[in-house]
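Novice: what would the 3D arrangement of this be:
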Amino acid sequence: MALLGPQLVFTIVMTTLLQKIIIPYHSLALWLIGRGNLYFYSYPSDQDLKKAAGIAPNKGKRKRNRLENLKMQLGLEDTFTVPKNINLELTTKPVHLVHLLLLEYLSEFRWLVDFSCVALTVYTITELYYAVIDVGSELNLSLIWLVMMVGFVVHTLFHLTALYFQTEDAGERSVCVTFSFFFLVIAMATLVVDEDILEFGLEDAHDEFLEGATAFLKEKTMESDGPMSLITFKVILTIVATVIGGILTFPGLRYAKMYIDAQKHYCEKRFIIFGLHISFLFPLFISLMWVKPVARTYFKSPNLGDGFDDKSEPLMSDETFDLIRFCLIPIFCLLRFCLTTVHLQSHLNMAKERFDSMKMEAGRINSLELQKMIIRVFSYLCVVALQYVAPLLLLMSVSCLLKTSSGISFRIFDNVQLYSFNSTRSSTTPSNSSTNDAVDAFRQATEQFTVTLDALRKVFCPMFFQGIYSFLTWWICTSWFISSLFGVLYHTYLTR
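Specialist: This is a model prediction of the structure:
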């Protein structure tokens, strides 16, 4: 049952749905940006520009050579200049699939969003399955889905960050490198803070890992004081945190720009403005839940409980606090998901803002440059969507890994008697001796694999992963919020 359980059925079914139905026909990614909920500004044609600028169109009186006729047929006529304060209004069109097909990173966006949706669905079904049925030491296949999800998200963020190093502008590279060193300093300062202030559980995680690794090496008759010291362990985490902070720099800055622009475009809709502010401050609130004097110590204080029921008992237990802290992350991701259209539309409105800003200037501009300025905003839609969605998916996947390693339960099925598969079964002895030998060989190999897996579980115990995932969850929220905060300060005070 450990090899052919219901989890394998979930995996096969969801893989088939992902390949045959979701990606080709019912893509969540295309539903997010291609169902007509977004509007982009289309660039004016040459005829519209000439008409608005008062330029007489070619009458065709003079003789055209073959090259000029070919350019005219292909719409590649020679460019011309128009005044920047041209009297022209841009037209909008709804974004549909036909407009998205030529955009870069559409396939990456579709795969990342659709795969993450399937991975989270498999994880949710598996958690319900684990809550009802006692599976013993069965391997949790949903964790493999989550690890793959983390890998795809990190790979996408690395690829998007590499784009800024391939441009001729050195300013973007400098920003990324500067923020990476800045996050390096913050990570080093964070990891030296006492566990009574920031409760990651890294010291307990290292102690459990060291104890399990030492016992494993002794079983293999290898003398060692331990594979890794606490300093080395924290240095590795510092490097990982620096890399994560670097790849979350531009997504945070991009989100800050969309956050500010969305407030301008939806200033009359107070409910959306309230949601934007809550969405912006939510990562800070989640990060504070790991500050022990601010969160756990406060909510477990008997004085806080006295104000409610006159009993000298804490308001909540440790298990309840861990559950509430975990539930905040899906709520935050759901809120950002609901505001996807608002943020992406604020990005598309940049074309109108740039065009209106150009009309305030004096001089002339090339017609092709004007058209590029307008359509360039729409051409980056998939890149902006990836920068908006990828950090959410990374945070959600790491928090799910934290929930599983911490053993957090929703307590819905605590009073339900768990069903167990460990029932006695009658075994039949095969009459063929060769078949019997094959079964014995397979059984021995399975036992050896089980022994090795149990040994690795003692080394990489749940406490070890709990400390790492707890730190990574906090760090993703914190670094993302810091970069967003810097972006808000920059676009508010330094770009005027």
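Novice: for the residue nearest to Ala362 when sequence neighbours are not counted, the count of nearby residues, please.
Specialist: Counting by Cβ to Cβ, 6 or more residues apart in numbering, the nearest residue to Ala362 once its immediate chain neighbours are dropped is Lys84, at 6.6 Å. (Each C-beta comes from the backbone N, C-alpha and C, glycine too.) By the criterion of other Cβ atoms under 10 Å, Lys84 has 16 neighbours.
Novice: now the helices: where do they sit in the stretch 51-200 of the chain?
Specialist: Assigned by DSSP state H, counting those that start in this stretch, the helices in the stretch 51-200 of the chain fall at 66-73, 97-100, 106-132, 141-165, 170-191.
Novice: nearest to Lys20, of the ones you listed?
Specialist: Each of these has some distance to Lys20 by Cβ to Cβ; the shortest is helix 106-132, at 12.1 Å.
Novice: show me what that closest one is packed up against.
Specialist: When contacts are defined as 3 or more Cβ pairs under 8 Å, 6 or more residues apart in numbering; DSSP states H and E, helix 106-132 sits against helix 6-17, helix 28-33, helix 141-165, helix 381-406.
Novice: out of those, which gets nearest to Thr92?
Specialist: Checking these against Thr92 by Cβ to Cβ gives helix 381-406 as the closest, at 14.0 Å.
Novice: tell me the angle of that closest one relative to helix 141-165?
Specialist: Orientation note: helix 381-406 sits at an angle of 140 degrees relative to helix 141-165 (axes from the mean of the first three to the mean of the last three Cα atoms, to 10 degrees).
Novice: now the angle from helix 381-406 to helix 106-132?
Specialist: Put simply, helix 381-406 runs at 20 degrees to helix 106-132, going by the same axes, to 10 degrees.
Novice: same question for helix 381-406, mean pLDDT?
Specialist: Predicted confidence along helix 381-406 averages 94 (mean pLDDT).
Novice: quick one: that helix to chain centroid distance?
Specialist: A distance of 3 Å separates the C-alpha centroid of helix 381-406 from that of its chain, computed with Cα atoms, centre = their mean, to the nearest Å.
Novice: between the helix or strand containing Thr214 and helix 170-191, how big is the angle?
Specialist: Assigned by DSSP states H and E, Thr214 falls within helix 202-219. Relative orientation of helix 202-219 with respect to helix 170-191: 80 degrees, computed using the same axes, to 10 degrees.
Novice: assign His26 to helix, strand or coil.
Specialist: Recorded secondary structure, His26: coil (DSSP: H, G, I helix; E, B strand; the rest coil).
Novice: deepest in the core, which of the helices of the stretch 51-200 of the chain is it.
Specialist: The highest mean neighbour count among the helices of the stretch 51-200 of the chain, using mean count of other Cβ atoms under 10 Å, belongs to helix 106-132: a mean of 19.
Novice: any idea how far it is from the chain center?
Specialist: Relative to its parent chain, helix 106-132 has a centroid offset of 13 Å by Cα atoms, centre = their mean.
Novice: now this protein, which segments are flagged as low pLDDT?
Specialist: 1-4, 57-78, 134-137, 220-226, 302-312, 410-437, 439, 442, 446-458, 496 (pLDDT under 70).
Novice: the longest strand in it is where?
Specialist: strand 35-42 (DSSP state E).
Novice: each with direction, which strands does that strand pair with?
Specialist: Here strand 35-42 has these sheet partners by DSSP bridges: strand 91-96 (antiparallel).
Novice: okay, buried residues for the strand it pairs with please.
Specialist: Using 16 or more other Cβ atoms under 10 Å as the burial criterion, the residues of strand 91-96 that qualify are Val95.
Novice: contacts for it?
Specialist: Contacting residues not belonging to strand 91-96 are listed as 33-42, 99, 348, 381 [Cβ atoms under 8 Å, 6 or more residues apart in numbering].
Novice: the stretch 351-496 of the chain: strands as residue ranges?
Specialist: Ranges of strands within the stretch 351-496 of the chain are 364-366, 419-420, based on DSSP state E, counting those that start in this stretch.
Novice: so which of the contacts of strand 91-96 is the most crowded?
Specialist: Note: the member of the contacts of strand 91-96 with the most neighbours is Ile33, at 26 neighbours, neighbours being other Cβ under 10 Å.
Novice: with His159 as the reference, measure out to Gln166.
Specialist: As for Gln166, its distance to His159 is 11 Å (criterion: Cβ to Cβ, to the nearest Å).
Novice: same question for Tyr41.
Specialist: Distance from Tyr41 to His159, counting by Cβ to Cβ: 28 Å.
Novice: just to revisit the earlier point, what helices or strands is the helix or strand just after the helix holding Thr214 leaning on?
Specialist: Once helix 202-219 ends, the next helix or strand along the chain (criterion: DSSP H and E) is helix 230-247. The contact analysis (3+ Cβ pairs under 8 Å, 6+ apart) places helix 230-247 against helix 141-165, helix 170-191, helix 202-219, helix 462-489.
Novice: of the ones you listed, which approaches Arg325 most closely?
Specialist: Closest of those to Arg325 is helix 462-489, at 9.3 Å (criterion: Cβ to Cβ).
Novice: ok, back up a step: quick one, the helix holding Thr214 and helix 230-247 angle?
Specialist: Using the same axes, to 10 degrees, helix 202-219 lies at 120 degrees relative to helix 230-247.
Novice: centre of the chain to helix 202-219, how far?
Specialist: Here the centre of mass of C-alpha atoms in helix 202-219, compared against the chain's by Cα atoms, centre = their mean, lies 32 Å away.
Novice: so which bits of that helix are buried?
Specialist: Residues of helix 202-219 classed as buried under the neighbour-count rule (16+ other Cβ under 10 Å) are Leu202, Ala205, His206, Glu208, Phe209, Leu210, Gly212, Ala213, Thr214, Phe216, Leu217.
Novice: and it, what other elements does it pack with?
Specialist: helix 230-247, helix 433-459, helix 462-489.
Novice: between the ones you listed, which one is closest to Ala131.
Specialist: Taking Cβ to Cβ, helix 462-489 is the member of those nearest to Ala131, at 17.1 Å.
Novice: isn't Ala351 right up against Tyr39?
Specialist: No: counting by Cβ atoms under 8 Å, Ala351 does not reach Tyr39; the two are 10.5 Å apart.
Novice: let's have the helices and strands packed on helix 106-132 in a markdown table, adding distance to Lys264.
Specialist: What follows is the helices and strands packed on helix 106-132, written out as a markdown table (distance: least, Cβ to Cβ, whole Å):
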| stretch | distance to Lys264 |
| --- | --- |
| helix 6-17 | 41 |
| helix 28-33 | 21 |
| helix 141-165 | 26 |
| helix 381-406 | 17 |
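Novice: out of the ones you listed, which comes closest to Ile55?
Specialist: Evaluated with Cβ to Cβ, the helices and strands packed on helix 106-132 place helix 381-406 nearest to Ile55, the distance being 31.6 Å.
Novice: and the closest one with helix 462-489, angle?
Specialist: Using the same axes, to 10 degrees, the inter-axis angle of helix 381-406 relative to helix 462-489 is 150 degrees.
Novice: so what does helix 381-406 touch, helix or strand wise?
Specialist: Using 3+ Cβ pairs under 8 Å, 6+ apart, helix 381-406 is in contact with helix 28-33, helix 106-132, helix 141-165, helix 249-265, helix 318-338, helix 340-348, helix 462-489.
Novice: and that helix, what's buried?
Specialist: For helix 381-406, burial by neighbour count (16+ other Cβ under 10 Å) applies to 381-406.
Novice: cool, stretch 284-303 as well?
Specialist: Taking 16+ other Cβ under 10 Å as the neighbour-count basis, stretch 284-303 is seen to contain the buried residues Ile286, Ser287, Met289, Trp290, Val291, Lys292, Ala295, Arg296, Phe299, Lys300.
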